[in-house]
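here's my sequence, what's the structure:
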Amino acid sequence: MLKLPENDGTLLVRSDYSDDAGWTTLCRLVEAPYEEGFRAYLTFVEDPALRNKALDELMALIDSVGYRSFFFVADREAIHGVEHAVTVVDLYEQRGRTFRVIPSQIWAVENNLSLANMEFSTFADNADPDGVLRGFKD
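Below is the predicted model:
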């Protein structure tokens, strides 16, 4: 049976298991410090039982381990895509709303949502037309 960490930071849940090297690359990219040394504080969840789980299944699983307002998903696009854009899932403001974020911007999403400095919609509304947040435009 799958055991998720309870209240152990923001989760990055791996749902695609087709490329271990791609997963390793993604982990390295999201763990890197970016602007002025800021970095995302993530708990990586890796279990083949999560393979190809639908978003609603992942949401139910995350709900079962305690309160979180959002989480990240490393799906096929995040593992194989050129930008490695990870899906961000809202569990609070507009439950089930998603957008993607490139690794160099994950720290901003994670830090600000974890501290409730900004709302999920602020990030989602500033994603590019293709649904990927690549930073805020001036």
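
who touches stretch 31-40?
For stretch 31-40, contacts defined as C-beta atoms under 8 Å, 6 or more residues apart in numbering pick out T10, V30, L42, P103, S104, Q105, I106, W107, A108, V109, E110, N111. From N, CA and C alone the C-beta is placed, and that goes for glycine too.

of the residues you listed, which belong to helices?
Cross-referencing these against helices under DSSP state H gives V30, P103, S104, Q105, I106, W107, A108, V109, E110, N111.

surely the fifth one and H84 touch.
No - judged on C-beta atoms under 8 Å, I106 makes no contact with H84 at a distance of 9.9 Å.

looking at the two, which one has more neighbours?
When I106 and H84 are compared for neighbours, I106 comes out ahead with 26 against 22, by other C-beta atoms under 10 Å.

show me what contacts V88?
Neighbours of V88 in contact, by C-beta under 8 Å, 6+ apart: 70-73, 98-101, 109, 120, 123-124, 133.

so which of the residues you listed wins on neighbours?
V101 (29 neighbours).

beta partners for the residue nearest in space to the middle of the chain?
Centroid-nearest residue in the chain, with C-alpha atoms, centre = their mean: F72, separated by 1.8 Å. Beta-bridge pairing for F72 (DSSP bridges): L12, V88.

could you measure it against K137, distance?
As judged by C-beta to C-beta, to the nearest Å, F72 and K137 stand 22 Å apart.

can you give me the strands for this structure?
10-14, 42-45, 70-74, 86-90, 98-101, 132-133 (DSSP state E).

farthest pair in the ones in helices among the contacts of stretch 31-40?
Farthest apart among the ones in helices among the contacts of stretch 31-40 by C-beta to C-beta are P103 and N111. That separation is 14.1 Å.
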